[in-house]
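Engineer: Okay, sequence plus prediction incoming.
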Amino acid sequence: MADYRFTRHYRLLNSADYKCVFDNAEHKVSCRYILMLAINNKKHRARLGMVVSKKNIPKSVERNRIKRLTRESFRKARSQIPQLDVVVLIRKGLDGLPNLIISSKMDTLWKDLHNKTDER
């Protein structure tokens with residue numbers, strides 16, 4: 001049975017991890033509301049970091065919903081993603097979309113990221 005838990009091994013934990021991705025992003029995929037930056041890592045697993053600012057998503061309920069959907073989509077796509085550190089940045093306007101559309105946008109971006117990493 002597959003292990004879909006989101007333990008600390010699958011998260012970017014400190015500012016140095018985030019800074020490394022921001023400064024050295026090798027792969028970028030985006031849509032109007034979401035930007036994903038990624039770099040290859042030395043670990044044997046993909047790791048996720050999220051940036052959901054109060055400026056872009058003012059209501060905490062919406063920020064938490066978006067983070068929950070992002071984690072869920074990462075767990076589903078984790079087997080397709082090679083050993084990458086990924087930072088997901090959320091832009092203004094995503095809080096107005098229903099869960100189904102957000103999930104489909106995330107799934108599309110994970111596939112695009114997978115395709116970009118295969119090209120290299």
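Structural biologist: Received it, and whenever you're ready, just let me know what you need.

Engineer: what's the closest non-adjacent residue to residue 42?
Structural biologist: Spatial nearest neighbour of residue 42, excluding adjacent residues (CB to CB, 6 or more residues apart in numbering): residue 83 at 7.6 Å. To be clear about C-beta, it is placed using only N, CA and C from the backbone, and glycine gets the same treatment.

Engineer: Low-confidence regions, the chain specifically.
Structural biologist: Along the chain, segments meeting pLDDT under 70 span 1-4, 120.

Engineer: what about the helices in it?
Structural biologist: Along the chain, counting by DSSP state H, helices occupy 15-24, 60-77, 99-119.

Engineer: among those helices, which is nearest residue 89?
Structural biologist: Closest to residue 89 of those, according to CB to CB: helix 15-24, at 9.4 Å.

Engineer: for the closest one, packing partners?
Structural biologist: Helices and strands touching helix 15-24, by 3 or more CB pairs under 8 Å, 6 or more residues apart in numbering; DSSP states H and E, are strand 34-40, strand 47-51, strand 84-90.

Engineer: Please identify the buried residues of that helix?
Structural biologist: Within helix 15-24, the residues that count as buried by 16 or more other CB atoms under 10 Å are 17-18, 21.

Engineer: Determine how far it lies from the middle of the whole chain.
Structural biologist: 14 Å (CA atoms, centre = their mean, to the nearest Å).

Engineer: Other residues contacting it?
Structural biologist: Residues outside helix 15-24 that contact it (CB atoms under 8 Å, 6 or more residues apart in numbering) are 12, 37-39, 47, 49, 51, 85-87.

Engineer: again, only using 10 Å
Structural biologist: 11-12, 37-41, 47, 49-51, 84-87, 89 (CB atoms under 10 Å, 6 or more residues apart in numbering).

Engineer: Going by distance to residue 110, which of these wins?
Structural biologist: residue 86 (8.9 Å).
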